[in-house]
Structure formats: C-alpha cells, structure tokens
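Student: Predicted model follows, preceded by the sequence.
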Amino acid sequence: MNTTAGVLKNRARRDVFLLQWASFFFLLAGVLAIAYASFITLYGEAYQAIELRKIEHKPPLTDPHLLNLGETIGEIQIPRLGVKAVIVQGDAPQLLDRAVGHLPQTALPGEWGNVALAGHRDRLFRPLRNIRQGDAITLQTSHGSFQYEVQSTFVVPATEIGVLRSSDTKQLTLITCFPFHYIGHAPDRFIVRAREIEPPQN
C-alpha cells in the first residue's frame, strides 16, 4: 500500500509540475504574441506618419520612371471612412504590414486601365467593411491627384484573378481579405470597384 501511495504521489507531483510548465509556456507565448502584434502596429503607424509627411513635402515629378518594390507611390484617402494611408509598389506581406500595396501588373493612378490596390483587412483596409456606393476616393501621387467614385462592392474567392483584368476605362479596384472578422487566412476577397471622375470644380 505504501508503495502504491508513493507512486500515485509521485505521479501527482509530476502532473502538477507539467501543468505548471504548460501554463508558463502558454502564458509566455501569449505575451510574445501580444508584444509582436503591438510592435507591428506601432511600426506601421510610425511608418505611415513619416511617409505621409514626406509625401506632403515632395516636389511633383515630371518624368515617369520604373518603380522599385517598396517604393512610395503616394497616398489613398477615403474621407467618409477616415482612411488616409501610404501606397507602395508591390503586394508582398511585409509591405502590406505597413502600407497599402499597388499590384505591379496593373495600371498606375492616372493611366488608362485598372489600378489595383491591396491592403490587410485587419489593418489599413479594415474600414472598407463600411464603404458604400458613391463614396469618394482620392489617390494623391507625385504626378497629380486622381478622384474616384465607388460603383460597387462584391466578394470573390481568393483564387479569382479576374478582378485584376485591365479595362478600357480608368478604374480603381481595392482588394482585401473577407470575411472581415475571420480568424486565419480568409477564403475570400472583398472587392471595391470605382471609376475615375473629374475633380469637383471650385
């Protein structure tokens, strides 16, 4: 009996020890995850503030040039939603962590065709869940300011690339993951389609 009791006691002690270590491990993992998320958020906000300030004081360009990945193109503004964010060339994950990305195979603002911009649903493009037809969008670049009006919104599978197809008009396509509150890699994409319009006359 004493031997059996001793074995059970040792097992209980071992189980408590393992439970304590498991609790410590998950607590540490949670703290590190929060710290990482906070760092990414603060880094993104700092990047946005610095780059937006640069854009405001950057002289206009007169000659086109090839854009490098990560190079700042300009900024996007959606006044009704309070969106004001830097646009960079490229859509790599590390770029979308801090800015809205221009898909390189699509037109640039002011050109004929389809200007496609992507952003994270849990960061800069989260307000798109409240966008509606008729909303105004402005793309401000070193080559000028371009005004767009939202025509429609719709959802497509993540594998659908038809939304990037070129156009014989000047249009804008915004892309973000959907559903907005999905945990993990979302299966769909939320699409905002807008057309370029003449700026209002003062």
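Tutor: Thanks, I have it.

Student: for this protein, what helix or strand is lowest in average pLDDT?
Tutor: helix 2-56 (a mean of 69; mean pLDDT, DSSP states H and E).

Student: And the strands in this protein?
Tutor: Secondary structure of the chain (DSSP state E): strands at 72-78, 83-89, 100-102, 113-118, 136-141, 144-157, 170-178, 188-197.

Student: out of the ones you listed, deepest packed?
Tutor: Greatest average neighbour count among the strands of the chain goes to strand 100-102 (a mean of 27), per mean count of other C-beta atoms under 10 Å. Every residue, glycine included, has its C-beta placed from N, CA and C.

Student: tell me what it is packed against?
Tutor: Using 3 or more C-beta pairs under 8 Å, 6 or more residues apart in numbering; DSSP states H and E, the elements in contact with strand 100-102 are strand 83-89, strand 113-118.

Student: so residue 173 sits right up against residue 193, yeah?
Tutor: Yes: counting by C-beta atoms under 8 Å, residue 193 is a contact partner of residue 173 at 5.8 Å.

Student: okay, and the common contacts of these two?
Tutor: Counting by C-beta atoms under 8 Å, 6 or more residues apart in numbering, the common neighbours of residue 173 and residue 193 are residue 163.

Student: Who does residue 192 form a beta bridge with?
Tutor: Legend: beta-bridge partners of residue 192 under DSSP bridges are residue 153, residue 174.

Student: I'd like the helices and strands packed on strand 100-102 laid out as a markdown table, including distance to residue 103 and mean pLDDT.
Tutor: Below are the helices and strands packed on strand 100-102 laid out as a markdown table (distance: least, C-beta to C-beta, whole Å; pLDDT from 0 to 100):
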| stretch | distance to residue 103 | mean pLDDT |
| --- | --- | --- |
| strand 83-89 | 9 | 97 |
| strand 113-118 | 4 | 98 |
